[in-house]
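>>> coords please:
(chains A and B)
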Amino acid sequence: MSDFWAMGGYAVYVWPAYAIVGLVMVGLLLMSWRGLKSKEAALATLRCDSPAKNGAANDPDDQGQRS
Amino acid sequence: MHRYANPARFMRYSGAILPFAAGLTALLIGTGLYLGLFVAPADYQQGESYRIIFVHVPSAWLALFVYTNMAIASAVALIWKHPLADVAGRACAPIGAAFTVLALVTGSLWGKPMWGTWWVWDARLTSVLILFFLYLGYIALADAFDDPARGAKAAAILALVGFVNVPIIKYSVDWWNTLHQPATISQLGAPSIHPSMMIPLLLMAVGFTTYFVTVLILRMRAEIIGRKIRTMQLLQVQKKSTPSANVDGPPAAPAAESPS
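Residues are numbered from 1 along each chain as shown, chains lettered A, B, ... in the order given. Alright, predicted model coming up:
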């Protein structure tokens, strides 16, 4: 197993390469996921705030369902 | 308000695709990493250092693939004014910029032991660095105007003009005598590497592509919801204010009929 981690003497090049790819890909995924969740939450509160009586006319989401 | 029709359909389909894209990404990258790190043998020339190829080539492939998608989306946005195209272009840019950086950094980590230098100003490396600046320019330009539509148009034109760089990157290793080695996968019929290395490389490349699809869907959904929020806020402001109030918004929003 230590042979594996040594990477034939190239460990200082191989593992940083894999580490930075892993970090950036996981980081980008998490940032995008969190961004979506916060937007969804903001939309939900906005819908709760708008009064129900004129909410239907107010909601741009309805407009697309026809076509 | 038919412009909401297509985003609504996109929200339905993308929500269905998302779990499959994410699951496929985990499966492909997991298998690719296992085969690439544990099963594939060491290279006869480069020893173990060549294993960087399994993250370097897919990153570089995505840097070009994402830019191509961004340029197509920009063309569609400019010509047909499809509302989803601009959303897609904006969602592409940060993903492409990230993979361009990854291609440059992993290439540097491979270049140091093999070439003896972190960086050379050869055609391939320089043109990829320009690609990174094109992504940054697109991101900066898209947010540089108060009117989002103007920013989108300027950024789309930049993306189209910058597309000339994509074939230059692709063929730079053939056109110029560069330090960078030529394409690893030039034709599938007569590959230049052994299947034990080729299969994990292909798995990683496809896995990175499904990763791109996953993140693209997440970012596009966030952008569409963000626009919906802006529209709703504008409508609420207009409802509250008097009809003569000067609201700085798109003309598509109907004026308040009866302020109560």
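>>> you'd agree B:Val215 is up against A:Leu29?
Yes - contact criterion C-beta atoms under 8 Å: B:Val215 and A:Leu29 qualify, at 5.9 Å. C-beta here means a position set from N, CA and C on the backbone, and glycine is covered the same way.
>>> Between these two, point out the one with more neighbours.
For the pair B:Val215 and A:Leu29, the greater number of neighbours falls to B:Val215 (25 against 16), based on other C-beta atoms under 10 Å in any protein chain shown.
>>> show me the contacts for the nearest residue to the more buried one once chain neighbours are set aside.
In space, and not counting its chain neighbours, B:Val215 is closest to A:Ser32: 5.1 Å by C-beta to C-beta, 6 or more residues apart in numbering or on different chains. Residues in contact with A:Ser32 (C-beta atoms under 8 Å, 6 or more residues apart in numbering or on different chains) are B:Val215, B:Leu218, B:Arg219, B:Ala222.
>>> Most widely separated two among those?
Using C-beta to C-beta, the contacts of A:Ser32 span at most 10.6 Å, a distance reached by B:Val215 and B:Ala222.
>>> Would you mind measuring from B:Val173 to chain A?
20 Å (C-beta to the nearest C-beta, to the nearest Å).
>>> residues in contact with that residue?
Contacts of B:Val173 were listed using C-beta under 8 Å, 6+ apart, and they are B:Ala123, B:Arg124, B:His180, B:Gln181, B:Pro182, B:Ala183.
>>> so where's the longest helix in chain A?
helix A:11-49 (DSSP state H).
>>> Show the buried residues in the contacts of B:Val173.
By neighbour count, with 16 or more other C-beta atoms under 10 Å in any protein chain shown, the contacts of B:Val173 hold B:Ala123, B:Arg124, B:His180 as buried.
>>> out of those residues, which are inside helices?
Among those, the residues falling in helices (DSSP H) are B:Ala123, B:Arg124.
>>> got TSV for the buried ones among the contacts of B:Val173, with pLDDT and distance to chain A too?
Formatted as TSV, the buried ones among the contacts of B:Val173 follow (pLDDT from 0 to 100; distance: C-beta to the nearest C-beta, whole Å):
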residue	pLDDT	distance to chain A
B:Ala123	89	22
B:Arg124	92	18
B:His180	87	16
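>>> how far does stretch B:53-65 sit from the chain's center?
Taking C-alpha atoms, centre = their mean, to the nearest Å, the mean C-alpha location of stretch B:53-65 is offset from the chain mean by 12 Å.
>>> and if you look at stretch B:131-142?
Stretch B:131-142 has its average C-alpha position 12 Å from the chain's average C-alpha position, going by C-alpha atoms, centre = their mean.
>>> Stretch B:51-60 now?
Centroid separation between stretch B:51-60 and its chain, computed with C-alpha atoms, centre = their mean, is 16 Å.
>>> right, is it up against chain A?
Yes - part of stretch B:51-60 sits near chain A under the criterion C-beta under 8 Å from any C-beta of the partner chain, namely B:Arg51, B:Ile52, B:Val55, B:His56, B:Ser59.
>>> wait, what's in contact with the last one?
Contacts here follow C-beta under 8 Å, 6+ apart; on that basis B:Ser59 touches A:Val21, B:Phe99, B:Thr100, B:Leu102, B:Ala103, B:Thr106, B:Phe208.
>>> repeat for B:Phe38
Contacts of B:Phe38 (C-beta under 8 Å, 6+ apart): A:Phe4.
>>> same thing but 10 Å
A:Phe4, B:Pro200 (C-beta atoms under 10 Å, 6 or more residues apart in numbering or on different chains).
>>> Can you tell me how far it is from B:Thr231?
Counting by C-beta to C-beta, to the nearest Å, the separation of B:Phe38 from B:Thr231 is 52 Å.
>>> Ok, B:Ala123 next?
Taking C-beta to C-beta, one finds B:Ala123 at 46 Å from B:Thr231.
>>> same check, this time on B:Lys81
17 Å.
>>> Counting neighbours, go ahead and name the busier of the two.
Neighbour count, other C-beta under 10 Å: between B:Lys81 and B:Thr231, B:Thr231 has more, with 21 against 13.
>>> distance of the more buried one from A:Asp3?
Going from B:Thr231 to A:Asp3 by C-beta to C-beta gives 60 Å.
>>> now swap in B:Val215 and tell me
Distance, B:Val215 to A:Asp3, using C-beta to C-beta: 35 Å.
>>> same check, this time on A:Lys37
To A:Asp3, A:Lys37 is 43 Å away according to C-beta to C-beta.
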